[in-house]
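# Show me the folded form of this:
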Amino acid sequence: MKSWIRSSYKFSVCLSLVTLLATLTACDGGGQNAGSTNGETLRGDITIDGSSTVFPITEAMAEEFQIENPGTRVTVGISGTGGGFKKFCAGETDIQDASRPIKDSEMEACQQAGIEFIELPVAYDALSVVVNSQNDWVDCLTTEELQKIWEPAAQGKINNWSQVRADFPDQPLTLYGPGTDSGTFDYFTDAINGEEGASRGDYTASEDDNVIVQGVANDTGALGYFGLAYYEENQDKLKVVGIDDGDPSNGDGCIPPSVATVENSTYQPLARPIFIYVNKEALSRPEVQSFVNYYMDPANKDLVSEVGYIPLNDSVYQAIQTRLANQTTGTMFEGGSTVGVNLKEVLK
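Numbering: from 1, shown residues only. Reported below is the predicted structural model:
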């Protein structure tokens, strides 16, 4: 009898311990299979900042990644490409969103701080020139007219639509665009004015593209520019302008920004690749490695399309994954310009 009691007691204790462990596991998020890699639950914080253009893609990737890995926390900020690089090269962030390649001065800052980075293209974007939805006089602008509007010499002088083209109305022209910390500003000025950073300064500037959206949407004579995703998200209150670059080989005259015109290379010169930069040391942390692998997995490229950008093709993804696997550091874009760049050629 005593022997049975002792056995029964031992069994009860074991059963209680099993029940307790099962309860604790359930409270911990569902066990080893929930949000795990190789049977181990991923945990840790990942900090990202930089471009407002790249933000929608990174935010979408972060949200889906955290659903699959609830032990991680991914924070994504918007301080512009330039502002983000200041933080990244100071070691304050793990990943940098960038709508243009890193500049020489930024590389020097990273080198001085001992920050090695891996540069990864993540999508294509089409800079979109937009006007107010009530604008009924402009459907297309040439690159020469855009230069006439935005070049430094236009400051204080070109302030009416009739000055842009003779048959445009006598309507005040007000301008909205990215601030000088924005990679979109750098790219646009390079592509349109022929020199990065060369721009008139008398316009409403913001690193937050939503500010530009609101400005143009509330001003009949307004014109602004930003990434395609922000136009597509707000096309009910904005009108996109087609661009004629004067090159017959890129199509017949006026070309609107779209997935198709970027993929077939007819929307020139305002189509560009956009990037993330990964701190090599941070990549040694499992949560960062897993997130970057998730971001660069072609199986997740639908997220790129869903937020209004153009996914890379599979051969480019493959080349980028090789670059990531080899932890190839540095930039592929000496001089910092991607105007007219072919990613396939650069990645060879």
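# Tell me which residues touch the most centrally placed residue in the chain, please.
Nearest residue to the geometric centre of the chain (C-alpha atoms, centre = their mean): Val54, 1.1 Å. Residues in contact with Val54 (C-beta atoms under 8 Å, 6 or more residues apart in numbering) are Asp97, Ala98, Ser99, Val122, Ala123, Ile274, Phe275, Ile276. For the C-beta atoms, the positions are set from N, CA and C on the backbone; glycine is no exception.
# Please repeat the previous calculation with a cut-off of 6 Å.
Asp97, Ser99, Ile274 (C-beta atoms under 6 Å, 6 or more residues apart in numbering).
# So what does it have for phi and psi?
The phi/psi pair for Val54 (degrees, to the nearest 10) reads phi -80, psi -20.
# try the one 4 residues further on
Backbone geometry at Thr58, expressed as degrees, to the nearest 10, gives phi -60, psi -40.
# Surely it and Asp97 touch.
Yes - between Thr58 and Asp97 there is a contact under C-beta atoms under 6 Å: 5.4 Å.
# Which one of those two is surrounded by more residues?
More neighbours surround Asp97 than the other of Thr58 and Asp97, with 32 against 25 (other C-beta atoms under 10 Å).
# Quickly find the element holding Glu287.
helix 286-295 (DSSP states H and E).
# For that helix, give me every contacting residue.
Contacts of helix 286-295 (C-beta under 6 Å, 6+ apart): Thr37, Leu42, Gly44, Ile46, Met61, Phe65, Thr72, Asp94, Val278, Ala282, Leu283.
# Can you flag the buried ones in the residues you listed?
Leu42, Gly44, Ile46, Met61, Phe65, Thr72, Asp94, Val278, Ala282, Leu283 (16 or more other C-beta atoms under 10 Å).
# Let me have these in CSV, adding distance to Val339, pLDDT and secondary structure as columns.
Listed next are those as CSV, based on distance: C-beta to C-beta, whole Å; pLDDT from 0 to 100; DSSP: H, G, I helix; E, B strand; the rest coil:
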residue, distance to Val339, pLDDT, secondary structure
Leu42, 39, 94, coil
Gly44, 38, 97, strand
Ile46, 31, 98, strand
Met61, 27, 98, helix
Phe65, 32, 98, helix
Thr72, 37, 98, strand
Asp94, 29, 98, coil
Val278, 24, 98, strand
Ala282, 30, 98, helix
Leu283, 29, 97, helix
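# Who's the closest spatial neighbour of Glu64, skipping the chain neighbours?
Distance criterion C-beta to C-beta, 6 or more residues apart in numbering; nearest residue to Glu64, sequence neighbours excluded, is Leu303 at 6.5 Å.
# Could you check how far that neighbour is from Phe65?
Distance, Leu303 to Phe65, using C-beta to C-beta, to the nearest Å: 10 Å.
# So what's the gap between the lengthiest strand in the chain and the chain middle?
Longest strand in the chain, counting residues (DSSP state E): strand 117-132. Relative to its parent chain, strand 117-132 has a centroid offset of 6 Å by C-alpha atoms, centre = their mean, to the nearest Å.
# How are the strands of the stretch 101-250 of the chain distributed by residue range?
Taking DSSP state E, counting those that start in this stretch as the criterion, the stretch 101-250 of the chain carries its strands at 117-132, 140-142, 174-177, 204-205, 222-227, 238-244.
# Rounded mean pLDDT for the shortest one, please.
Spelled out, it's strand 204-205. The average pLDDT within strand 204-205 is 97.
# and if you look at the second one?
On average, the pLDDT along strand 140-142 is 96.
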